[in-house]
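Enquirer: Fold the following, please.
(one chain, ligands or ions: 1)
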Amino acid sequence: MILTLTTNPSVDRTVELDAPLERGAVQRAVRVSREAGGKGVNVSRALAMSGVRTLAVLPGDDDDPVLAGLRTVAVPFRNLPIGADLRTNTAITEADGTTTKINEPGPVLSSAQLDELLAVVVAESGGAHWLVLAGSLPPGVPPTFYTRVIGAVREAHGPSAPLVAIDSSGAPLSEGATGFHAPDLLKPNAEELAELTGIGTGHDLEEDHELAASACAVLVSSGVGAVLATLGSRGALLVTSAGAWHGTHSPVTARSTVGAGDSALAGYLLAHSAGELPENCLRQAIAHGSAAAALPGSTVPSLEQTTPAEVSITALTITLPVIEAHTGPGSGPTAQEER
Ligand SMILES: O=P(O)(O)OC[C@@]1(O)O[C@H](CO)[C@@H](O)[C@@H]1O
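Expert: Down below sits the predicted model:
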């Protein structure tokens, strides 16, 4: 079972334009849609669509539209009522696939509510194979929250604790990326990778996958088990201490890139859970991400909608820089291989 935690879920509202977005103008939308969203929610949606057992943990009152959306698509969830509305994030998509996203901050959670959410995750992660910590944290939540969750889950379940993946940005990502409780998998995009490592700043890492692979290697050297870095239309990278691979999909017509990274993570987890080799996990990640980009709004694909045969993978030779010795439970490939 794959457990996801989305601390700041959303209703994803997609406004489709058939012309370029014009700042300051009145424009008519051709279509508007709403889906339950948030990064972990999207991962769970993609997994559930492919018949993989998943549980989405999230804050939200029983009658919140996000939970109604999850019921509609039959995604199992466990919610923590908070007495406040969840946020609405708006995506404006143009005919050429350009997406402009406006994300609300989300409701404030009290420290008691955060503790309760943490307790739910610890309790539910008992039977999980993977735990995905995804998305931004609501206002006021310390950026160390993901590290706290990983510590609590590993302490509670010891060697049978689930593998942990982090898909976030900004301070929660940088706080969660390294240290004693480093995750088994990190899923940054090119911008987040540059921000995290300082490598490629001012450079487009999507364009330079060799440099991006070196940045991933820095993270692996500092204790992250594996890095799955998504590079937009330039494919994705997988770097572990056992090897590095770059893959690309044959060109697709993008309709909305919202949720493409989350779908890529779901594809990786789906293949990893089926015992696939690392390069095939990367292949499925890229196939899922590309299929998501070709779908409207935050729609995520099922396995049947993906085309892994359209993905070419190349093994890369990189030297892992030695940054610091790390002996935490999330260190190196052993964390991935042993559990
Ligand atoms: O504001 P965050 O938590 O960073 O991102 C939230 C979000 O943009 O991420 C998903 C796409 O990845 C959307 O479903 C959702 O609206």
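
Enquirer: buried ones in the helix or strand where residue 284 lies?
Expert: Assigned by DSSP states H and E, residue 284 belongs to helix 278-293. Going by neighbour count (16 or more other Cβ atoms under 10 Å), the buried part of helix 278-293 is 278-293. C-beta: built from backbone N, CA, C; applies to glycine.

Enquirer: what's the answer for stretch 78-89, then?
Expert: For stretch 78-89, by 16+ other Cβ under 10 Å, it's 79-80, 82, 84, 86-89.

Enquirer: Could you pull up the mean pLDDT of that stretch?
Expert: Across stretch 78-89, pLDDT averages out at 98.

Enquirer: try stretch 42-54
Expert: 98.

Enquirer: do stretch 219-229 as well
Expert: pLDDT averaged over stretch 219-229 gives 95.

Enquirer: Please name the bridge partners of the residue nearest the centre of the chain.
Expert: Nearest residue to the geometric centre of the chain (Cα atoms, centre = their mean): residue 167, 3.8 Å. Beta bridges link residue 167 to residue 134, judged by DSSP bridges.

Enquirer: how near is the nearest residue to residue 307 once chain neighbours are set aside to residue 135?
Expert: Leaving aside its chain neighbours, residue 307 sits nearest to residue 287 (5.8 Å; criterion: Cβ to Cβ, 6 or more residues apart in numbering). Per Cβ to Cβ, to the nearest Å, residue 287 is found 23 Å from residue 135.

Enquirer: can you check residue 279 too?
Expert: For residue 279 relative to residue 135 (Cβ to Cβ), the value is 28 Å.

Enquirer: Next: residue 171.
Expert: Where residue 135 is concerned, residue 171 sits at a distance of 13 Å (Cβ to Cβ).

Enquirer: Low-confidence bits of the stretch 201-339 of the chain, can you list those?
Expert: 319-339 (pLDDT under 70).

Enquirer: now the strands: where do they sit in it?
Expert: Shown for the stretch 201-339 of the chain, the strands assigned by DSSP state E, counting those that start in this stretch span residues 226-230, 236-240, 243-249, 311-316.

Enquirer: Relative to the ligand, which of these is closest?
Expert: strand 226-230 (10.5 Å; Cβ to the nearest ligand atom).

Enquirer: Spell out which parts of the chain neighbour the ligand.
Expert: 8, 10, 12, 37-39, 42, 89, 101, 103, 135-136, 169, 258-259, 261-262, 298 (Cβ under 6 Å from any ligand atom).
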